[in-house]
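# Need coordinates for the below:
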Amino acid sequence: MSVTAQGQAERAELEAVLASGIFSRAPNLANFLRYICDQHFQGESDAIKEYCIAVEALGRSADFDQKKDSIVRVEAHRLRKRLASYYQGPGANHEIQIEIPNGQYAVVFRYVTPKVVEPELVAFPIAPERVEEALSSQTERVETPQPEQVSAPGQRLHKLLVLAAIASLILAVSAVALVRWRQSRATLTASEVWRGNFLQPVPSEYRFIAGYHGAPFIDRQQRTWQADAFYEGGLSTSFPSDRTWEGITDSNFPKTQREGNFSYRIPVRQGTYEVHLYFVEAQPGDPADPNSYSRLFQVYVNDKLTLDAFDPVSEAGAPYRLHGRVFRDITPSKDGTIHLRFVSLSRKPILTAAEVLSSRPGRVRPVRIVAAKTSATDSNGSVWVADEDAIGGLLVERRDSIQDPDLKILFSGERYGNFSYHIPAAAGKYRLRLFFAETYFGSKLPFASLASPYGNRIFNVFSNGVALLRDFDVAKEAQGPNRALIRTFDNIEPNAQGVIALEFVPVRNYAEVNAIEITQMDAPASSSAPASTASASAATASSEPSHRR
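The predicted structure is shown next:
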């Protein structure tokens with residue numbers, strides 16, 4: 001067997017075991033097995049350590065101490081027993097069997113000769129008093145008697161014996177056929193699992209962290225992120241635990257990524273999808289040498305080149321900063337999967353996380369962000385996600401904001417300072433709505449009430465370097481403090497890096513914003529948030545739920 005064929009066969013056996021259901025109530029064991037098998041496939045079995053298994057496979061924190069926590073040893077013992085039980089039962093006839101020898105964590109793929117169970121012959125019982133008659137009948141049959149010379153009881157016994165022989169033959173043939181079918185089906189199942197055909201399609205909103213092998217977790221937006229799956233190639237790498245990440249407000253996102261030449265085949269239902277890819281350059285570089293951070297690679301979606309000579313740190317503008325790209329109108333390939341492929345040009349490709357989200361053909365899900373620590377639902381039922389994609393500035397709670405009950409929920413918080421938002425968007429033209437209210441100067445807050453609301457906060461707003469607002473005074477434009485002001489801008493397009501970059505630059509005191517909405521220009525229109533009398537123009541937006549991370 002060639003090395004390539006051997007590797008494919010071993011991967012197929014792994015997927016067959018994972019799909020067998022023996023880990024349905026033990027996700028930790030499934031994560032453990034997949035992790036050590038991945039290291040085996042990459043030739044890194046010697047590098048498997050108890051600490052790495054605990055952190056990367058079992059979801060333990062970076063301060064895991066194996067002297068105080070025996071989780072890895074306990075789970076390894078359970079995994080060995082589960083595999084042994086499987087290969088004594090349903091997997092007994094597999095030509096490849098997975099084993100974890102005692103005293104080590106490296107996995108071994110053993111090639112064995114399948115055991116074909118010979119079926120026992122089944123005969124109909126004969127009462128003791130009929131044995132002599134049966135033997136006599138058989139003797140007569142051997143002497144080729146004429147039909148009319150056989151007694152009626154002899155005929156019946158003969159028929160019973162013939163039926164017994166036929167039944168035994170049928171059972172024998174059926175048993176052998178069943179064994180061979182199970183063997184062939186096991187191979188087919190493993191192959192189908194790897195192609196994505198055999199597995200159930202993922203949910204209509206599917207999110208995963210690349211390189212992560214722990215239990216699923218729910219972020220602060222109440223969205224579930226799954227462990228890494230459906231991949232081939234690459235290595236799981238962990239991020240430094242002492243770093244802070246720009247554009248990321250959830251401590252669980254991210255912790256790992258996949259690195260190397262790798263691909264994904266994600267099983268989905270027929271339909272149209274948005275694919276969101278996220279990258280963070282977390283490798284330390286030399287600040288004096290920008291090229292030390294740089295890596296170049298290609299990204300293919302369903303074998304179509306979508307990112308060429310892609311460099312995450314250059315696209316994001318800095319290392320340790322989250323950068324997202326969005327692709328619309330993606331449909332599954334003939335095999336029922338969405339293919340993602342990452343190919344190196346210079347240094348290894350990376351992927352931090354991804355989303356596969358159902359959408360309508362030609363449509364893009366809206367983006368709605370409220371500058372608060374928790375998400376909000378407006379009077380029309382549209383969900384606004386908690387503040388994200390921001391770089392710089394600070395969040396502050398505004399309990400005593402505007403009085404309009406239909407809009408108040410969008411003004412419960414504020415981001416202020418010198419800051420920007422880098423919001424990933426698919427190619428197209430968008431309507432941008434910015435929500436403002438002067439809730440500090442001229443308000444009842446301590447010290448603020450001593451100052452006039454007018455002329456104390458002036459700032460500029462830019463979109464991809466183009467000025468949207470200059471010398472903007474929220475209180476003056478809204479004709480007083482604590483009044484909602486909505487400004488609308490059409491035909492906004494993402495920049496060459498695939499993001500809508502909004503910059504809020506102070507002129508006097510700090511810039512501020514309360515909420516941001518981005519909707520597709522040709523999307524079906526319905527009122528998203530009721531426009532106030534201080535709005536720059538009446539604006540409408542899709543009522544679809546937000547896609548945001």
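# how about the nearest residue to residue 316 once chain neighbours are set aside, what does it touch?
Nearest residue to residue 316, sequence neighbours excluded (CB to CB, 6 or more residues apart in numbering): residue 323, at 3.6 Å. Where you see a C-beta, it was placed from the backbone N, CA and C, and this is true even at glycine. Applying CB atoms under 8 Å, 6 or more residues apart in numbering to residue 323 gives the contacts 247, 278-280, 312, 315-316, 422, 424, 497, 499.
# Alpha carbons of stretch 369-381, as CSV, please.
Coordinates of each C-alpha in stretch 369-381 appear next as CSV, following Å, rounded to 0.1, in the frame of the first residue of the first chain:
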residue,chain,number,x,y,z
ILE,A,369,-24.0,46.5,16.2
VAL,A,370,-25.0,48.3,19.5
ALA,A,371,-22.2,49.9,21.5
ALA,A,372,-23.0,47.9,24.6
LYS,A,373,-21.7,44.8,26.4
THR,A,374,-24.9,42.9,25.7
SER,A,375,-27.0,42.4,22.6
ALA,A,376,-30.4,44.2,22.1
THR,A,377,-33.6,43.5,20.3
ASP,A,378,-35.4,46.6,18.9
SER,A,379,-39.1,47.3,18.6
ASN,A,380,-39.2,45.6,15.2
GLY,A,381,-37.7,42.4,16.6
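# for that stretch, what is the average pLDDT?
Here stretch 369-381 scores 89 as its mean pLDDT.
# in the protein, what spans have low per-residue confidence?
Within the chain, the stretches with pLDDT under 70 are 1-5, 113-160, 162, 172-199, 242, 284-293, 443-451, 522-549.
# can you pull the buried residues of stretch 423-443?
Buried residues in stretch 423-443, counted by 16 or more other CB atoms under 10 Å: 423-426, 428, 430-443.
# Same check on stretch 511-524?
Applying 16+ other CB under 10 Å to stretch 511-524 flags 511-520, 523 as buried.
# all helices of the stretch 201-350 of the chain, in order?
In the stretch 201-350 of the chain, the helices defined using DSSP state H, counting those that start in this stretch lie at 312-316.
# In it, mark out all the strands, start to finish.
Ranges of strands within the stretch 201-350 of the chain are 205-209, 217-218, 224-225, 231-238, 256-267, 272-279, 296-301, 304-310, 323-330, 337-346, 350-351, based on DSSP state E, counting those that start in this stretch.
# want to throw those into a markdown table with distance to residue 15?
Below are the strands of the stretch 201-350 of the chain laid out as a markdown table (distance: least, CB to CB, whole Å):
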| stretch | distance to residue 15 |
| --- | --- |
| strand 205-209 | 17 |
| strand 217-218 | 24 |
| strand 224-225 | 22 |
| strand 231-238 | 11 |
| strand 256-267 | 11 |
| strand 272-279 | 23 |
| strand 296-301 | 23 |
| strand 304-310 | 26 |
| strand 323-330 | 24 |
| strand 337-346 | 14 |
| strand 350-351 | 21 |
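# ranking those by burial, who's on top?
strand 350-351 (a mean of 26; mean count of other CB atoms under 10 Å).
# That strand pairs with which strands, parallel or anti?
Strand 350-351 has the following sheet partners, assigned by DSSP bridges: strand 256-267 (antiparallel).
# Would you mind stating the distance between the residue nearest to the spatial centre of the chain and residue 12?
Nearest to the geometric centre of the chain sits residue 208, at 2.0 Å (CA atoms, centre = their mean). Distance, residue 208 to residue 12, using CB to CB, to the nearest Å: 22 Å.
# repeat for residue 52
Counting by CB to CB - residue 52 and residue 12 are separated by 25 Å.
# swap in residue 98?
Applying CB to CB to residue 98 and residue 12 gives a distance of 12 Å.
# What is the helix or strand harbouring residue 30 packed up against?
Here residue 30 sits within helix 27-41, counting by DSSP states H and E. On a contact count with 3 or more CB pairs under 8 Å, 6 or more residues apart in numbering; DSSP states H and E, helix 27-41 meets helix 3-19, helix 71-88, strand 231-238.
# Out of the ones you listed, which is closest to residue 166?
helix 71-88 (33.5 Å; CB to CB).
# how about the closest one: buried residues?
71-72, 75-76, 79, 82-83, 86-87.
# go on, stretch 208-221?
Those would be 208-214, 217, 219-221, for stretch 208-221 by 16+ other CB under 10 Å.
# Just tell me which of the strands of the stretch 201-350 of the chain ends up closest to residue 65.
strand 231-238 (16.4 Å).
# Counting by contacts, list what the closest one packs against.
Using 3+ CB pairs under 8 Å, 6+ apart, strand 231-238 sits against helix 27-41, strand 256-267.
# how about these in a markdown table, adding distance to residue 465?
Putting those into a markdown table (distance: least, CB to CB, whole Å) gives the following:
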| stretch | distance to residue 465 |
| --- | --- |
| helix 27-41 | 43 |
| strand 256-267 | 30 |
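# re earlier: turn the contacts of residue 323 into TSV, including distance to residue 332.
Shown next, in TSV, are these (distance: CB to CB, whole Å):
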residue	distance to residue 332
247	30
278	21
279	24
280	28
312	27
315	27
316	30
422	30
424	22
497	28
499	27
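# and which of those is nearest to residue 29?
Distances from residue 29 to the contacts of residue 323, taken by CB to CB, are shortest for residue 278, at 28.6 Å.
# who are the neighbours in contact with the closest one?
Applying CB under 8 Å, 6+ apart, the residues near residue 278 are 254, 322-324, 351-354, 549.
# same thing with residue 59?
Going by CB under 8 Å, 6+ apart, the list of residues near residue 59 reads 31, 213-215.
# Out of these, which is nearest to residue 295?
Closest to residue 295, out of all of the contacts of residue 59 and judged by CB to CB, is residue 213, at 23.4 Å.
# Can you tell me how far that closest one is from residue 255?
For residue 213, the distance to residue 255 - CB to CB - is 11 Å.
# ok, back up a step: quick check: which of the strands of the stretch 201-350 of the chain is nearest to residue 416?
strand 323-330 (24.1 Å).
# Starting from that closest one, tell me which strands it pairs with and how they run.
According to DSSP bridges, strand 323-330 has the following sheet partners: strand 272-279 (antiparallel).
# angle of the strand it pairs with against strand 205-209?
Following axes from the mean of the first three to the mean of the last three CA atoms, to 10 degrees, one obtains 20 degrees for the angle between strand 272-279 and strand 205-209.
# CA atoms only for strand 272-279, dumped as CSV, please.
Provided in CSV are the C-alpha atoms of strand 272-279 (Å, rounded to 0.1, in the frame of the first residue of the first chain):
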residue,chain,number,x,y,z
THR,A,272,-27.2,29.5,-0.7
TYR,A,273,-24.6,30.4,1.9
GLU,A,274,-22.4,33.2,3.2
VAL,A,275,-18.9,32.0,4.1
HIS,A,276,-17.0,34.1,6.7
LEU,A,277,-13.3,33.5,7.3
TYR,A,278,-11.4,35.0,10.2
PHE,A,279,-7.6,35.4,10.6
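# returning to that earlier point: quick one, what contacts the residue nearest to the centre of the chain?
By CB under 8 Å, 6+ apart, residue 208 lies in contact with 225-229, 353-354.
# Quick one: neighbours of residue 311, just the number.
Residue 311 has 18 neighbours, counted by other CB atoms under 10 Å.
# swap in residue 98?
23.
# Equivalent analysis for residue 365, please.
24.
# What strand or helix carries it?
Secondary structure assignment for residue 365, by DSSP H and E: no helix or strand.
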